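S.K.: Predicted model, plus sequence, below.
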Amino acid sequence: MAQVIPTIDQVKAEAMEIFRKEFGDDPDICVFAPGRVNLIGEHTDYNEGFVLPMALPMVTIIVGKVNGNKNCTIVSTSKSITTTSKLEFDVSDRSKIAPGEPKWANYVKGCIAYFPADVPGFNAVIVSTVPMGSGLSSSAALEVATYTFLEALTGVECKDPRDKALVCQKAEHEFANVPCGIMDQFISVMGKQGHALLLDCRDLSVTQIPMDGIDDYVFLITNSNSPHKLSSSAFRERRDACFEAAKMLGKKSLREVTLDDLEVLKKQGASEIILKRVGHVINENSRTLAATAAFQAGDYIKVGELMNESHDSLRDNYEVSSNELDTLVNTARKIPGVLGSRLTGAGFGGCTITFLKKDSVDLVIAAINKSYSGTASFYIASPSVGTGKLDCK
Ligand code: NG1
């Protein structure tokens with residue numbers, strides 16, 4: 001069976017209860033931000049390409065209150081982020097806030113450091129249902145929830161949601177030292193119930209793509225629960241190869257590059273690996289636009305085919321799949337009613353996403369439980385809303 005995802009109200013109630021126990025008071029601020037799953041458009045965001053993610057019902061919740069002193073005290077009890085952990089630091093001089101241990105706190109510290117207004121001392125509790133390190137953006141959910149919390153705390157609200165996403169991305173680059181693209185923060189900020197988001201990572205324009213027509217079909221996330229070994233160095237390596245290829249061609253990014261340029265690169269002596277990486281990015285951008293058009297036309301067979309092609313290219317050209325992910329994808333694809341299955345997120349472990357008939361969900365889960373050597377977990381991904389405030393009742 002797919003896992004039952006706790007509702008936002010349940011997570012909120014848990015966070016409020018912990019706050020009362022920890023601080024002997026009621027919180028007066030409550031915010032949330034979702035994790036995300038990417039339907040297609042992988043390793044394109046940092047190449048100024050297209051992505052098509054949707055926000056998940058798994059969320060990070062922060063509840064809190066101003067405490068009248070210059071420190072913030074943050075308790076995180078989420079198993080997704082860490083075991084129970086308490087953190088206290090001075091927010092009166094934000095230029096002195098620096099990254100360090102525990103690691104999860106760097107996402108929070110980065111957002112506080114780059115928030116465009118002074119931050120008063122506060123107490124807060126963080127609870128999350130976004131699985132960590134699985135390619136479902138637990139880090140972006142934490143950053144965006146922190147930013148929304150600071151908006152509620154200070155009354156200083158971001159006028160353009162893009163700026164909010166960009167500050168959160170900066171926190172991840174500078175404080176967590178992760179050279180991520182912009183997809184995760186954007187969808188956590190801009191997710192809309194019942195929609196996926198087509199994001200152009202060059203000009204940051206967005207189009208909400210309604211998913212309410214998919215009726216008999218669903219997206220099933222399968223978490224391989226296999227660790228992201230080597231993922232940060234391999235991610236950096238892939239990114240650097242793309243940047244190098246764009247530079248060789250005298251272009252700002254691979255977004256400006258076409259399949260014809262592969263010949264030019266070859267003549268310039270680019271390695272076979274660089275040619276494969278570039279080929280993936282160019283074709284993945286086309287697939288993302290084609291999948292968006294197919295969703296809009298209700299051509300779900302086509303969507304599934306493009307998802308399959310995306311995975312095969314990530315496996316063979318970008319080389320970010322793993323035995324575990326390939327097993328999950330291959331097993332799912334054999335079940336009648338499955339239209340497409342691919343790894344989602346950076347790869348090297350983490351999750352797959354499968355587009356299938358509702359009736360086939362149990363068959364896929366049973367087949368994976370039988371053939372997969374690890375222990376997989378399953379979630380139905382329904383397109384959910386982006387970050388927001390909740391009342392504190
Ligand atoms: P995951 O590993 O799913 O969070 C990473 C990047 C994204 C994007 C994808 C590949 C981070 C935090 N995020 O996603 O920006 O580049 O890989 O499409 O590294």
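M.R.: Great, that's in hand. Numbers count the residues shown, from 1 in each chain.
S.K.: Can you tell me the SS state at the residue of the stretch 1-150 of the chain found nearest the ligand?
M.R.: Of all residues in the stretch 1-150 of the chain, Gly135 sits closest to the ligand, at 3.3 Å by C-beta to the nearest ligand atom. Just so you know, the C-beta spots here come from the backbone N, C-alpha and C atoms, and that holds for glycine as well. Here Gly135 is coil, with the state taken from DSSP: H, G, I helix; E, B strand; the rest coil.
S.K.: Tell me where the model's unsure across the stretch 201-350 of the chain.
M.R.: 228-231 (pLDDT under 70).
S.K.: ok, back up a step: quick check: the residue of the stretch 1-150 of the chain closest to the ligand touching Cys351?
M.R.: Yes. Between Gly135 and Cys351 there is a contact at 5.1 Å, judged by C-beta atoms under 8 Å.
S.K.: Overlap in contacts, the two.
M.R.: 343-345 (C-beta atoms under 8 Å, 6 or more residues apart in numbering).
S.K.: Contacts only, for the spatially closest residue to the residue of the stretch 1-150 of the chain closest to the ligand that is not a sequence neighbour.
M.R.: Distances taken as C-beta to C-beta, 6 or more residues apart in numbering place Gly345 nearest to Gly135, at 2.2 Å, with adjacent residues excluded. Residues near Gly345 by C-beta under 8 Å, 6+ apart: 37-38, 42, 134-137, 351.
S.K.: ditto for Ile209
M.R.: Ile209 touches 52, 195-198, 292, 295-296, counting by C-beta under 8 Å, 6+ apart.
S.K.: out of those residues, which are buried?
M.R.: 52, 195-198, 292, 295 (16 or more other C-beta atoms under 10 Å).
S.K.: Out of the residues you listed, the closest to the ligand would be?
M.R.: Leu52 (10.8 Å).
S.K.: isn't the closest one right up against Cys201?
M.R.: No. Contact criterion C-beta under 8 Å: Leu52 and Cys201 do not qualify, at 11.3 Å.
S.K.: The stretch 51-200 of the chain: helices as residue ranges?
M.R.: 104-114, 138-154, 161-175, 183-190 (DSSP state H, counting those that start in this stretch).
S.K.: Which residues of the stretch 251-393 of the chain lie near the ligand?
M.R.: 345-346 (C-beta under 6 Å from any ligand atom).
S.K.: Mind telling me which residue of the protein is nearest the ligand?
M.R.: Closest point on the chain to the ligand, by C-beta to the nearest ligand atom, is Gly345, at 2.4 Å.
S.K.: Is it correct that Arg287 is in contact with Leu306?
M.R.: Yes. Under the criterion of C-beta under 8 Å, Arg287 makes contact with Leu306 at 4.7 Å.
S.K.: Which neighbours do the two have in common?
M.R.: Joint contacts of Arg287 and Leu306 (C-beta under 8 Å, 6+ apart) are Ile40.
S.K.: Mind checking which of the buried ones among the contacts of Ile209 are in strands?
M.R.: If you go by DSSP state E, the buried ones among the contacts of Ile209 have 195-198 in strands.
S.K.: Among those, give me the pair with the biggest separation.
M.R.: His195 and Leu198 (9.7 Å; C-beta to C-beta).
S.K.: so what sits against both of these two?
M.R.: 208-209.
S.K.: mind listing what's buried in stretch 89-103?
M.R.: 89, 91, 97, 99.
S.K.: so what does the longest helix that the chain contains touch, helix or strand wise?
M.R.: The longest helix of the chain (DSSP state H) is helix 272-297. On a contact count with 3 or more C-beta pairs under 8 Å, 6 or more residues apart in numbering; DSSP states H and E, helix 272-297 meets strand 50-51, strand 195-200, strand 205-210, helix 231-248, helix 261-267, helix 300-316.
S.K.: Is it possible to get those out as a markdown table so that each row also shows distance to Ala171?
M.R.: What follows is those, written out as a markdown table (distance: least, C-beta to C-beta, whole Å):
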| stretch | distance to Ala171 |
| --- | --- |
| strand 50-51 | 20 |
| strand 195-200 | 19 |
| strand 205-210 | 21 |
| helix 231-248 | 17 |
| helix 261-267 | 34 |
| helix 300-316 | 27 |
